[in-house]
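Student: can you look at this prediction? I've put the sequence above it.
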Amino acid sequence: MNSFASLSRIDDCSVAMDGGSLGIALSDETGTISHFMLNRSLAAVGGPTFNQVSDADGPLNEVAQVSLLAALTIILARTDPSSPCFDLLNEFAGNLGGPSNA
C-alpha cells in the first residue's frame, strides 16, 4: 500500500504534449522524489484511464488516492499561488476530490 503522508514539497510540474496529461514531482523531507501523472491524453478521452492518477507503480488505488490528496492539501497550503506549479497541484487535488484553492 502506498502512503504519501511524508511528501511535503513540489519539485517540478509539466504538461505533456499528448493532449494535456499533467505531471508533478513531489518530495519528502529526505529529498526522495515521487512522480505522479494525471492522464488527460487525447487517446484516453472517453475511456477508463482518462483522469486516472498514476505513479511509478501504476494507477493509484483508492487508499493511495486519499493519501496523495492529504499530502497535496498540505503542499498546496504551503505553495505560493504565483508558483507555476500551483494550478497543476490544484488540478491533481480537484481530480482526487479535494477543494480548489485557486
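Tutor: Arrived safely, thanks for sending.

Student: quick one, strands of the chain?
Tutor: 7-15, 22-28, 33-38, 53-55, 58-59 (DSSP state E).

Student: and of those, who's closest to Asp80?
Tutor: Closest approach to Asp80 among the strands of the chain is made by strand 7-15 (10.4 Å; Cβ to Cβ). C-betas here are computed from N, CA, C, even on glycine.

Student: what angle sits between the closest one and strand 33-38?
Tutor: Between the axes of strand 7-15 and strand 33-38, defined by axes from the mean of the first three to the mean of the last three Cα atoms, to 10 degrees, the angle is 50 degrees.

Student: show the contacting residues for the most centrally placed residue in the chain.
Tutor: By Cα atoms, centre = their mean, the mean C-alpha position of the chain lies nearest to Phe92, the distance being 4.3 Å. Residues near Phe92 by Cβ atoms under 8 Å, 6 or more residues apart in numbering: 22, 24, 36, 38, 53, 68, 72.

Student: ok, now Ile74?
Tutor: Taking Cβ under 8 Å, 6+ apart as the test, what Ile74 contacts is Ser8.

Student: per-residue confidence for it?
Tutor: We have a pLDDT of 95 for Ile74.

Student: show me what contacts the residue nearest to Leu22 when sequence neighbours are not counted?
Tutor: Excluding its sequence neighbours, the residue lying closest to Leu22 (Cβ to Cβ, 6 or more residues apart in numbering) is Leu38, at 4.3 Å. Residues counted as contacts of Leu38 (Cβ under 8 Å, 6+ apart) are 21-23, 51-53, 91-92, 95.

Student: okay, now Arg9: neighbour count?
Tutor: For Arg9, the tally of surrounding residues (other Cβ atoms under 10 Å) stands at 16.

Student: could you do Leu7 as well?
Tutor: Neighbour tally, Leu7, other Cβ under 10 Å: 22.

Student: do the same with Thr73
Tutor: Neighbours of Thr73 (other Cβ under 10 Å): 15.

Student: hmm, it is touching Asn90, no?
Tutor: No. Thr73 lies out of contact with Asn90 (Cβ atoms under 8 Å); the separation is 10.7 Å.

Student: what stretches of the chain score poorly on pLDDT?
Tutor: 1-2, 99-102 (pLDDT under 70).
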